[in-house]
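Novice: Following is a predicted model, sequence given first.
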Amino acid sequence: LKVMKKKQLIIPILVNEKYEVIDGQHRLQACIELGLPVYYYMVEGYGDNEVITTNLNQENWSKAQFLDYYIEHENPNYIKFEEIRSNHGLNISQLLNILAKVKGVTFKSLSFSFVEGTFKIDNDDVWNTTRFLMSLEDFNKSKFYKADSFVLAFLALYNYPPYDHSHMVEQLKIRGDKLNVYASKNEYLRILTTEIYSAHKGKKTIYYDTFTKKFYT
C-alpha cells in the first residue's frame, strides 16, 4: 500500500469469467483504498482449485487467509478449528501445534494440509484437544500462560507419559508463584518440572535436562 501511494505498479490481477479474483487480492484492495484504476487479465475456467494452487505456489497467503477462505466455503473442519481457536484465545500456530501432537503428526505436515485444504479434525481430536486446553487453563493465574513458549512447553510435558496433571494442580497451589515470564520453551520446562512439579518429598518427580532437551524421572 505504501509503495502504491508513491507510484502505482502496473501488475494486473488475475480473474476468471465471473470476475472472481484468482491472484492479486492485496493489489485489488490497495487500488480500491487509494482510488486507483484496476488492471486485470481474464482466464476462463479458473475456480477454487486454481485460487488455492496459485497462492500455495507463490506463498501469497498467510494461514489466517487460508482459514478465512475455507470458512467462507463452509468447510466444517476449518469452522470447527476456528471455533476452538477463538473460544480458547489461541493463535493458529498454537492450535496447529496442539493438534499435531494429538494426531501424532509433525507440525510441518499438518500445516501443509491446513493450507492445502485437506485438513481434518474429528471428534477424538476435538475431545483430546479440549482436555489439554482445560488443563492449560489451570495455569491462568500466570498472565503469560498463553505465550507461545509456555504453551509449547506445557504441551511437551503434558504428553510425557509419567505426567500426572492432578499432581501439578496440587503443586501449583503451593508453588504457582514460580511461574514468571521466561525467554524460551526450555526455561519454562525447567521451571514446570524442577521448581513446581517435582519440588516435594513424594515419589512423583519429572525433571527436564535443558542441554539434552529430554525428560527424566
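Specialist: Alright, I've got the coordinates. Residues are numbered from 1 along each chain as shown.
Novice: longest helix in the chain, by residue count?
Specialist: Counting residues, the longest helix in the chain under DSSP state H turns out to be helix 123-136.
Novice: Would you mark the buried spots in it?
Specialist: Buried residues in helix 123-136, counted by 16 or more other CB atoms under 10 Å: D125, V126, T129, F132, L133, S135, L136. For the C-beta atoms, the positions are set from N, CA and C on the backbone; glycine is no exception.
Novice: Stretch 61-69 too?
Specialist: Neighbour counts using 16+ other CB under 10 Å place W61, F66, L67, Y69 of stretch 61-69 among the buried residues.
Novice: Quick check: the last one vs K120, distance?
Specialist: Think Y69. Using CB to CB, to the nearest Å, we find Y69 at a distance of 17 Å from K120.
Novice: List the residues that contact F107.
Specialist: Listed by CB atoms under 8 Å, 6 or more residues apart in numbering, the contact partners of F107 are L96, N97, A100.
Novice: Relative to H167, how far out is L133?
Specialist: In terms of CB to CB, L133 sits 19 Å off from H167.
Novice: Correction: the previous question concerned E83.
Specialist: For E83, the distance to H167 - CB to CB - is 31 Å.
Novice: Tell me where the protein has helices.
Specialist: With helices called from DSSP H, the chain shows them at 2-6, 25-34, 48-58, 63-72, 76-87, 92-103, 107-116, 123-136, 148-158, 165-175, 185-190.
Novice: Save those as CSV, and put in mean pLDDT too.
Specialist: Listed next are these as CSV, based on pLDDT from 0 to 100:
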stretch, mean pLDDT
helix 2-6, 50
helix 25-34, 76
helix 48-58, 58
helix 63-72, 88
helix 76-87, 96
helix 92-103, 97
helix 107-116, 92
helix 123-136, 97
helix 148-158, 97
helix 165-175, 95
helix 185-190, 95
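Novice: of all those, which lies closest to G202?
Specialist: Smallest distance to G202 across these (CB to CB): 8.2 Å, for helix 165-175.
Novice: how far off helix 123-136 does the closest one point, in degrees?
Specialist: With axes from the mean of the first three to the mean of the last three CA atoms, to 10 degrees as the basis, helix 165-175 and helix 123-136 are set at 20 degrees to each other.
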